[in-house]
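Colleague: sequence first, predicted coordinates after that:
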Amino acid sequence: MQISFEELYALPLPVIRQILPGWVAAHLADETLRPDAERRLLELFRTVDDPALQQLRTTFFGAGDTWRFHPADPTARALTRMFMGILVQAEPIVHPERLQRFVSGGPRRRFMVCNHLSYTDTQVTDQVLSTAGFEAVANRIVAIAGPKVYTDPWRRLAAISLHTRKTPQSNVVATEQDALSPRELATIAFAAIDECVSLCDQGYIPLLYPEGARSRSGHLQPFLRASARYLAQADVQILPVAQTGTQHIFPIGETIMNRGPVRLAFGEPFNAADYPGKTGPIVESFRRVAAILPEGYAPDPADGELI
């Protein structure tokens, strides 16, 4: 069932309450999972009052409207966690103690740096953390998101279940954004960095995908040199994150999602100040993410660390 932003916004709340669970369940590739998913989602929506449902509709319609921080919608978050709970078969987190150290000590400003395989990467991270005793951490993560995640109704529903900060893609990798002049790109990008620093100071944890685009091969790609600016701030601590399996849950080019195993691993957190220079922290992030990826996801040494 296809539905546009405008069609959803125009529907009466009782109709949204009835059709949205079926629309979400229809995105399961395994048709045998859909009836139970729809039933569970219908039960969830019976607990959602009209003001919360109205807020969901308003948030959904306006998400991605400007280059800014978009806080998660509570109803969308509950819906998405229930849906992802059906899909995600999580292996035990690798080195959860490193995550614990990261959130409990060190500098106040914290960034996570992760490889990028799928549009569902942050949803999977959120799901794994929230079901493994780290829900409070999951609720603080802010995904640094390019324009693509807001342009399709299904992606947008996922986006509003998370905290996101919309930022333009680098022109090196951009494929679905209006052309920006170098001056416009720089202005918007620096504003995103400034807001991320402010969010850090408020206790949020920005999650950065420095490859700038999903890996088509699954192997870690070089990080964008421009991503170094996010980490070139005072008092920054960085947590390397590696995930695998998400490319099978939501493959590139697909519109429906598969059930499957995922693995989330954490590297040793480190202070950006210990790796001086404009690119020191991002290069060290690349090396540490690469070190915790399985062999089949390792970078090609010939590609280098930065582009």
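Modeller: That came through, no problem.

Colleague: residues of stretch 111-127 that come out buried?
Modeller: When neighbours are counted by 16 or more other Cβ atoms under 10 Å, the buried residues of stretch 111-127 are found to be 111-127. Placement of C-beta: from N, CA and C, glycine included.

Colleague: before we move on, what about stretch 185-192?
Modeller: Within stretch 185-192, the residues scored as buried using 16+ other Cβ under 10 Å are 185, 189, 192.

Colleague: report the separation between the second one and Arg140.
Modeller: In this case it means Ala189. 23 Å (Cβ to Cβ, to the nearest Å).

Colleague: for the stretch 51-200 of the chain, what spans make up the helices?
Modeller: In chain order, the stretch 51-200 of the chain shows helices spanning 74-87, 96-104, 121-131, 135-138, 153-160, 182-201, with DSSP state H, counting those that start in this stretch as the criterion.

Colleague: which helices and strands sit right next to the first one?
Modeller: On a contact count with 3 or more Cβ pairs under 8 Å, 6 or more residues apart in numbering; DSSP states H and E, helix 74-87 meets helix 13-25, helix 34-46, helix 50-62, helix 121-131, helix 153-160.

Colleague: nearest to Asp274, out of the ones you listed?
Modeller: Judged by Cβ to Cβ, the one of these that comes nearest to Asp274 is helix 121-131, at 25.2 Å.

Colleague: who are the packing partners of the closest one?
Modeller: For helix 121-131, the contact count by 3+ Cβ pairs under 8 Å, 6+ apart identifies helix 74-87, strand 88-90, helix 135-138, strand 141-145, strand 236-244, helix 246-249, strand 260-266 as packing neighbours.

Colleague: just want the angle from it to helix 96-104.
Modeller: Taking axes from the mean of the first three to the mean of the last three Cα atoms, to 10 degrees, one finds helix 121-131 and helix 96-104 inclined to each other by 90 degrees.

Colleague: residues touching helix 121-131, excluding its own?
Modeller: When contacts are taken as Cβ atoms under 8 Å, 6 or more residues apart in numbering, the neighbours of helix 121-131 outside the stretch itself are 80-81, 84-85, 88, 90, 93, 114, 118, 135, 137-139, 141, 143, 158, 161-162, 207, 209, 241, 243, 245-246, 249, 262, 264.

Colleague: give me the buried subset of the residues you listed.
Modeller: Of the members of these, the ones counted as buried by neighbours, 16+ other Cβ under 10 Å, are 80-81, 84, 88, 90, 93, 114, 118, 137-139, 141, 143, 158, 161-162, 207, 209, 241, 243, 245-246, 249, 262, 264.
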